[in-house]
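**Q** kindly return the folded structure for what I paste below:
(chains A and B)
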Amino acid sequence: MNILTTWLRALLPAIPADDHQLAEALTLRGIAVEGIHSLGEGNGHLYEMDITTNRVDAMNHYGVAREVAAIYGLTLAPGAAPLPAAQPALTPFSVQIQAQDACGRFTARVLRNIKVQPIAASSGPISSYAARMFTLLEQKQISNAVDASNFAWLAMGQPTHAFDLDKIVGGIIVRRAHRGESLKTLDGVLRTLDPEDLIVADHAKPLALAGVMGGWDTMITPETSNVLVEAAWFDPVAVRRTAKRHGLHTDASHRFERGADLAACPLASEIVSAIILEAGGHIEGDLVDITVPAILAKTAHRAPVALALSEVQRILGTTLEAEGITAHTVETVLTALGCQLAAESETTWQVTLPSWRLDLAREIDLIEEVARVYGYNRFANTLPAFAGAIRELPHAAADSALRRTLLAAGWNEAISSTFTSATDAALTAPQPGLVVPLGNPLSEEAGVMRPSLVPGMLSMIAANLHRDTGDVRLFELGTVFSGTTEKVDERPALAIGLAGSAPQTGVQIGLGASTKPLDFYDLKGLVEQLLSRFKTKSVYFDNFASVAGITPEWLHPYRAARVVVEGTTVGWLGQLHPRQATARKLKDAVLVAELYLDRLHPLPLHKPAVRELSRFQPVRRDFSLLVPDKTAWAELDASLAALARASLPELTQWQVREVVHNQAAPRQEYSLLLSTTFQASDRTLRDEELHSYAQHVLAAVSNLGARLRT
Amino acid sequence: MMNTDLDQSFAQLEAEARQAASSLHSPEAVENFRLEWLGRKQGRLKQLSEQWLKAAPAEQKRDLGQRFNALKTLVESLLDEASSSGPSDASLAAEALDITLPGTRRLQGAEHPITRTMNELIAIFAGLGYSVGVGPEVETDYYNFECMNFPPGHPARDTQDTLVIANQDRRSLRDRLLLRTHTSPVQMRTMEQHPPPIRIVIPGKVHRNDAADATHSPVFHQVEGLCVDTNITFSDLKGTLDHAMKALFGSSVKTRFFPSFFPFTEPSADVQISCIFCAGKGCRKCKHSGWIELLGCGMVDPAVFAFAAEKQPAYDPRKISGFAFGMGVERIAMMKYGVSDIGQFYSGDMRFLEQFS
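**A** Next up, the predicted model:
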């Protein structure tokens, strides 16, 4: 909305500030001036306003002038547009308000023998003033009847409407539409009316969508000579519903939806009539003015509000000036804003509220007005004392431990969209039937709530690979959604993605191996490290390559593992299914893990507890083994664990160091380098003991078909 | 053997030992020297002792023994000297490195700038006694709008374009599911759970039905704050946010407050900070105003307390008061790190993220 400083100064000639100072003063009071544009010598400035939706009363020149008057303690004259005397009417024009819940006031004025012409063609004082203001505002001029309404709108924010009187049958009835009625509105659209639509009708047909838009058939034309000027008050909710149903948003509906000034109808009618009459014609009869008392009592004449200085001080606190907010401050500010204060004591009042400020209804609203006009920046900066305690978020420590581990391992944190496509959701949802669709999605690719972090991770990896960033290490801690459109479950999850290699850092001195691509085991190792943040009794990985329907479809069935902690599935990891990789145009191997954090969160975090360190030398023995292909490491591992537990406590560590699959090997065996460590807490181990321990180890693995390589 | 012969012989042995010891530049050379002279089986002193000392006539043994011991002492001291002085300068020079080659850095992951900014804010408010609160991203109309004093049919709802879950039309308005448009619902969820006093910060993801451009994203993050007690004032709100902005952007930053409108606070304010790029002098970033608008806040509206009081009667607006504030995390991160396109936060672009390492 735009405001002319010329117009403000016409209303308030004594503003003690230049246009820039005035803009600053208004902005600091919440009547924000976003832009100031010079209109040339003698024309002042144009303010681009950004006024909050609650202050609809200030979205016009008179409304802004009220604020200026309050800021500088000036007196603003009431608006007026003197009209010539009326010629008597044989019978008063008939107006009936049937919709008493939705129309609070309806004024109608009959103008006869008017002349429809450009507003600038009239030499009348209001018309020429209006024409000048329109030019400065670059407001299009249409004809005096329409421009008169626009002028009243710009001047005081009151919607009005002029009907071609000769097209009205009988009189005006404000009512709800009847089923089956239709109306061609001013935009040329023929609309079927809903029985809840509030309309202005005559005795035969609908004339206008009340408070939203006039009708085509009663529009002012160059041939119009008799006019009915409407200035009315319509209920916010009724107007909003009608406007919404018809997909219309007009200046009038904007104002009525936010609350218009019921008391301003006669003045608006005067302004419109005065402008039209400056081109000729006369008034017939008195202003017809029907008011609904019940609505009047809720709006312009609403009950006074009690205000106590102690409450003002309790909410607002300390000011920079020592004397603080006084009774005098309260009275000065509120009176300047149009309130009437009846003092009940020196520090309590009954406050009668201005008809144009429907946003004021409660004591707190008045307290805000005091703070606003007094100036927010005149309050001190204080800090409150506090007697409560800080509560930790239950899973903050776990999430922070996971994030730290991932960052230390060189993974970058990413955040992806909350939405995904129905296709990707079906592919990755842990519970495929429980995907939650959006009612008004941004696009088809973002049609559902993500049931998994995997789709987001895949698109982020793909975007990197497609722009030739070959080495990708990303993780995301985020929420995933499942359920129905009746009830949506939200769960925390962690996705880890990788492609390419860990980039070589630093300088390779001399000849050496080039960087090794990251593989399944890098991902698995990271997952193991993450799980080691928790105190667990049982962690294992398994896979179901040959069992249909268990391994998620997005994973390579033979390079995927389920992660099981304390007997519960906590996630999956592995290589992206080659079919998916092809579909996503990914040439490189992509590895992804997803962990269901809601299942990890209940676990206690790992707390370091040290063990006694042996004073005696550990001894390392390596075994180069040949192992049958069908024997997995986990079996050897379990067998060695059983040995250590049952009879060989001196076997303190065992690790697989190297695995080599020889494609050309005659037997179905692979070679495995096993490294063991023996140590006793009470003695140095002797050669004979070590020899016997080695035999135990070989015996344990030979049960599984492994043998020493010869 | 004559004494002069002995003198000559021992003098020569001494000279040989000194000569050999003078070029002991490596541990191997030292060890060889030790073996040559002091070796238990083949050492020259051993041979000397076997060949000369044992064979000497009795009257010469004493003289010979003294000379022998003197030589042994000398060799031992030469050996000590050689092994303690370590390698020579020349041998160290041969091990020279080009110390101008770059150091090898360990790969380190980067926390997301949004997480980093949220954690900074959380830490600042933790110092003021604020706990962290969280809540669901899919909310009901009641928590997102109604109890935050956006009544059904109120125009203020139009200011937040909302993404909704499908098939909600048949449900009652307050139960309809939508994606929260702000973190404010967590205010109510927290008050329903805990009586006053309350101090929480609420970091979280929010969504709006906005087309993406350089400064808008349908997904973004907010940090909301709520403080409720028997004595909380507007000046406390000012002081708290002034402190927080100084902690976040540096102690020279100034704040100023403007009247604004939010349905759930009254009085409501917008907060500007003095431009962190030009220190308030005026530049392109602050549109030459010297100020940057950063957050919204206000005193909790009594209507909001009335909703909370339905479950926790202690939220009686006559007895308690409070303030709330909310800020866009992306906006702060964009300012702090010079990010010009909000979409980069959600791209997962390694080149972008690595800069925060």
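
**Q** residue boundaries of the helices in chain B?
**A** B:3-21, B:27-38, B:44-48, B:58-85, B:89-93, B:113-126, B:141-144, B:185-193, B:234-249, B:302-309, B:329-337, B:350-353 (DSSP state H).

**Q** go on, the stretch 601-710 of chain A?
**A** Ranges of helices in the stretch 601-710 of chain A, per DSSP state H, counting those that start in this stretch, are A:633-646, A:687-702.

**Q** follow-up on the earlier one: take the helices of chain B and lay them out in CSV including distance to A:D166.
**A** Every residue, glycine included, has its C-beta placed from N, CA and C. Below are those laid out as CSV (distance: least, CB to CB, whole Å):
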stretch, distance to A:D166
helix B:3-21, 133
helix B:27-38, 122
helix B:44-48, 142
helix B:58-85, 124
helix B:89-93, 114
helix B:113-126, 65
helix B:141-144, 49
helix B:185-193, 56
helix B:234-249, 59
helix B:302-309, 50
helix B:329-337, 58
helix B:350-353, 69
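
**Q** so where is chain A shaky, pLDDT-wise?
**A** Along chain A, the parts satisfying pLDDT under 70 run over A:503-505, A:512-515, A:664-667.

**Q** please apply the same query to the stretch 151-300 of chain B.
**A** Ranges of the stretch 151-300 of chain B meeting pLDDT under 70: B:159.

**Q** relative to chain B, how far out is A:V627?
**A** 33 Å (CB to the nearest CB, to the nearest Å).

**Q** how about the helices of the stretch 601-710 of chain A in TSV, adding distance to A:H61 and mean neighbour count?
**A** Below are these laid out as TSV (distance: least, CB to CB, whole Å; neighbours: other CB atoms under 10 Å in any protein chain shown):
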stretch	distance to A:H61	mean neighbour count
helix A:633-646	82	15
helix A:687-702	94	14
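
**Q** neighbours around B:N119, how many?
**A** 15 (other CB atoms under 10 Å in any protein chain shown).

**Q** what sits against it?
**A** Shown in contact with B:N119 (CB atoms under 8 Å, 6 or more residues apart in numbering or on different chains): B:E111.

**Q** read off the pLDDT value for it.
**A** pLDDT for B:N119: 95.

**Q** before we move on, the earlier item: can you redo the helices of the stretch 601-710 of chain A as JSON lines with distance to chain B?
**A** JSON lines is the format used below for the helices of the stretch 601-710 of chain A (distance: least, CB to the nearest CB, whole Å):
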{"stretch": "helix A:633-646", "distance to chain B": "27"}
{"stretch": "helix A:687-702", "distance to chain B": "27"}
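
**Q** do you know which of the ones you listed lies nearest B:D316?
**A** With CB to CB as the measure, helix A:633-646 is the member of the helices of the stretch 601-710 of chain A nearest B:D316 (63.0 Å).

**Q** and that closest one, how far out from the chain middle?
**A** Centre-to-centre, helix A:633-646 and its host chain are 56 Å apart (CA atoms, centre = their mean, to the nearest Å).

**Q** quick one, what contacts B:H207?
**A** With CB under 8 Å, 6+ apart, B:H207 has these contacts: A:T418, B:E137, B:L163, B:L179, B:R180, B:T181, B:P218, B:V219, B:F220.

**Q** state the phi and psi torsions of the third one.
**A** This means B:L163. phi -90, psi 130 (degrees, to the nearest 10).

**Q** ok, how many other residues are close to it?
**A** 24.

**Q** what sits closest to it if chain neighbours are left out?
**A** B:L179 (4.4 Å; CB to CB, 6 or more residues apart in numbering or on different chains).

**Q** for the closest residue to chain B within the stretch 51-200 of chain A, which non-adjacent residue is closest in space?
**A** Nearest to chain B, among the residues of the stretch 51-200 of chain A, is A:T52, at 3.5 Å (CB to the nearest CB). Closest residue to A:T52 in three dimensions, ignoring its sequence neighbours and counting by CB to CB, 6+ apart: B:F261, at 3.5 Å.

**Q** and what of A:V659?
**A** Leaving out its chain neighbours, A:V659 is closest to A:L672 (CB to CB, 6+ apart), at 5.4 Å.

**Q** then A:F481?
**A** A:F481 sits nearest to A:M449 (CB to CB, 6+ apart), 3.7 Å away.

**Q** wait, isn't the one you found in contact with A:V488?
**A** Yes. The pair A:M449 / A:V488 is scored as a contact, 7.0 Å apart, by CB atoms under 8 Å.

**Q** return the set of buried residues in stretch A:577-589.
**A** Using 16 or more other CB atoms under 10 Å in any protein chain shown as the test for burial, stretch A:577-589 gives A:H577, A:Q580, A:A581, A:L586, A:A589.

**Q** and the second one, what does it touch?
**A** Meaning A:Q580. With CB under 8 Å, 6+ apart, A:Q580 has these contacts: A:L427, A:L458, A:W554.

**Q** what helix or strand is it located in?
**A** helix A:578-583 (DSSP states H and E).

**Q** compare neighbour counts for A:M449 and A:V488 and give me the winner.
**A** A:M449 (27 against 19).

**Q** and stretch B:232-249 with chain A, contact?
**A** Yes. Contact of stretch B:232-249 with chain A (CB under 8 Å from any CB of the partner chain) involves B:I232, B:T233, B:F234, B:S235, B:D236, B:K238, B:G239, B:T240, B:D242, B:H243.

**Q** out of the helices of chain B, which gets nearest to A:P649?
**A** It is, among these and with distance given as CB to CB, helix B:27-38, at 40.8 Å.

**Q** identify the residues contacting the closest residue to A:P354 other than its chain neighbours.
**A** Of all residues beyond its chain neighbours, the one nearest A:P354 is A:G338 (3.5 Å), with distances taken as CB to CB, 6+ apart. By CB under 8 Å, 6+ apart, the contact list for A:G338 reads A:R66, A:P354, A:W356, A:R357.

**Q** A:G338 and A:P78, how far apart?
**A** The gap separating A:G338 from A:P78 is 11 Å, by CB to CB, to the nearest Å.

**Q** do the same with A:V330
**A** To A:P78, A:V330 is 24 Å away according to CB to CB.

**Q** hang on, the earlier thing: okay if I get the helices of the stretch 601-710 of chain A as JSON lines plus distance to A:Y374?
**A** Shown next, in JSON lines, are these (distance: least, CB to CB, whole Å):
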{"stretch": "helix A:633-646", "distance to A:Y374": "75"}
{"stretch": "helix A:687-702", "distance to A:Y374": "85"}
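
**Q** now do the domain split for the chain, please.
**A** Picking chain A for this. Domain ranges of chain A: A:2-72, A:95-298, A:305-378, A:396-503+A:516-600, A:619-708, per automatic domain parsing.

**Q** I was after chain B.
**A** Split by automatic domain parsing, chain B gives B:3-93, B:113-356.

**Q** winner for burial among those?
**A** domain B:113-356 (a mean of 20; mean count of other CB atoms under 10 Å in any protein chain shown).

**Q** who's the nearest residue to B:L237 once chain neighbours are set aside bridged to?
**A** Distances taken as CB to CB, 6+ apart put B:F323 closest to B:L237, at 3.9 Å, once the chain neighbours are dropped. Taking DSSP bridges as the rule, B:F323 bridges to B:C227, B:M299.

**Q** contact partners for B:F323?
**A** B:L226, B:C227, B:I232, B:F234, B:D236, B:L237, B:T240, B:T265, B:C297, B:G298, B:M299, B:V300.

**Q** what do you get for A:E344?
**A** A:A306, A:Q350.

**Q** look up how far B:K281 lies from B:V164.
**A** For B:V164, the distance to B:K281 - CB to CB - is 45 Å.
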